[in-house]
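> need a structure here:
(2 chains)
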Amino acid sequence: GAVVSQHPSRVICKSGTSVKIECRSLDFQATTMFWYRQFPKQSLMLMATSNEGSKATYEQGVEKDKFLINHASLTLSTLTVTSAHPEDSSFYICSASQPAGVTTQYFGPGTRLTVL
Amino acid sequence: SQQGEEDPQALSIQEGENATMNCSYKTSINNLQWYRQNSGRGLVHLILIRSNEREKHSGRLRVTLDTSKKSSSLLITASRAADTASYFCATDAGPISGTYKYIFGTGTRLKVLA
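Residues are numbered from 1 along each chain as shown, chains lettered A, B, ... in the order given. Now for the predicted structure:
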């Protein structure tokens, strides 16, 4: 149980285009989803926290207009990287947690974004 | 930065040896968790230790927690080549508006040589 999927697993796009990454909880309802980014050989940095049906909370230094997050249902959150640039190339990982009071996050397999 | 520190950054050992990784953090915590990440893949949850616990075991894994020193260690005994991966600690400070946020350590890259 507690499986989280991400789609796509890899994406290559041209500079200036927008890319959407999906994060789904497959067998549980995720009231909260988290988005992280990870540069090569570095740790995960939390970008934003999203709760179903409300606006995402962004971490300091993360541009909310550039990284659009939508958590429209209890099983799906999307991250859209708008007007992508080469410096946005990274590994994006989502996680999901069950209803409030449960600390464990279940992580997706990640999406490798390469912006040319 | 709130990020925790892990040491060593990289560790190379022979199969069968034990591997010890350390994690230090900066704020009071609710829980501390250890994760493994194979290259280019997602995270695999290894073990959770609560702030009122001092030691926990799971198979070949042993985790200790010293809240007075704000540090934790992960010991992998009798390592195998398949243990080659990056290992991260993650702390949460408890619910903030009902949400538990994780802060990850910098990670230790472990290489186990066959």
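> where do the strands sit along chain B?
All strands of chain B, identified by DSSP state E, fall at B:5-7, B:10-14, B:19-24, B:31-37, B:43-50, B:55-58, B:61-66, B:71-76, B:85-96, B:99-104, B:108-113.
> residues near residue B:102, how many?
Under the neighbour criterion other C-beta atoms under 10 Å in any protein chain shown, residue B:102 is assigned a count of 24. In this view, the C-beta of every residue, glycine as well, is placed from N, C-alpha and C.
> next one: residue B:73
Residues lying near residue B:73 (other C-beta under 10 Å) number 17.
> what are the bridge partners for it, then?
Residue B:73 has the following beta-bridge partners by DSSP bridges: residue B:22, residue B:64.
> Test my guess that it contacts residue B:61.
No - Residue B:73 lies out of contact with residue B:61 (C-beta atoms under 8 Å); the separation is 10.8 Å.
> which residues sit in contact with the nearest residue to residue A:45 once chain neighbours are set aside?
Using C-beta to C-beta, 6 or more residues apart in numbering or on different chains and skipping the chain neighbours, the partner closest in space to residue A:45 is residue A:37 (5.7 Å). Contact analysis of residue A:37 by C-beta atoms under 8 Å, 6 or more residues apart in numbering or on different chains lists A:44, A:45, A:47, A:90, A:91, A:92, A:93.
> List the neighbouring strands of whichever strand or helix holds residue A:37 plus their orientation.
Per DSSP states H and E, residue A:37 falls inside strand A:32-38. Paired neighbours of strand A:32-38 in the sheet (DSSP bridges): strand A:44-51 (antiparallel), strand A:90-97 (antiparallel).
> partners of the next helix or strand after the first one in the sheet?
It refers to strand A:44-51. Remark: after strand A:44-51, the chain's next helix or strand is strand A:57-58, criterion DSSP H and E. When pairing is defined by DSSP bridges, strand A:57-58 lines up against strand A:44-51 (antiparallel).
> Which positions in chain A make contact with chain B?
Contact residues, chain A versus chain B (C-beta under 8 Å from any C-beta of the partner chain): A:6, A:32, A:34, A:36, A:41-46, A:49, A:51, A:91, A:93, A:95, A:97, A:100-110, A:112.
> Just the buried ones from the residues you listed, in ChimeraX syntax?
Those of the residues of chain A next to chain B that count as buried under 16 or more other C-beta atoms under 10 Å in any protein chain shown are selected in ChimeraX with:
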select /A:6,32,34,36,43,44,45,46,49,51,91,93,95,97,103,104,105,106,107,108,109,110
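> Specify the beta-bridge partners of the residue nearest in space to the middle of chain A.
For chain A, residue A:35 is the residue whose C-alpha lies nearest the centre (C-alpha atoms, centre = their mean; 3.5 Å). Residues in a beta bridge with residue A:35, per DSSP bridges, are residue A:48, residue A:94.
> isn't it right next to residue A:71, touching?
No - here residue A:35 does not reach residue A:71: they are 10.0 Å apart, not a contact under C-beta under 8 Å.
> Which neighbours do those two have in common?
A:50, A:77.
> ok, back up a step: can you convert the strands of chain B into JSON lines and add a column each for mean pLDDT?
Output for those, formatted as JSON lines (pLDDT from 0 to 100):
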{"stretch": "strand B:5-7", "mean pLDDT": "85"}
{"stretch": "strand B:10-14", "mean pLDDT": "96"}
{"stretch": "strand B:19-24", "mean pLDDT": "96"}
{"stretch": "strand B:31-37", "mean pLDDT": "93"}
{"stretch": "strand B:43-50", "mean pLDDT": "92"}
{"stretch": "strand B:55-58", "mean pLDDT": "96"}
{"stretch": "strand B:61-66", "mean pLDDT": "98"}
{"stretch": "strand B:71-76", "mean pLDDT": "97"}
{"stretch": "strand B:85-96", "mean pLDDT": "86"}
{"stretch": "strand B:99-104", "mean pLDDT": "83"}
{"stretch": "strand B:108-113", "mean pLDDT": "96"}
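> If anything else comes up later, I'll come back, but that's it for now.
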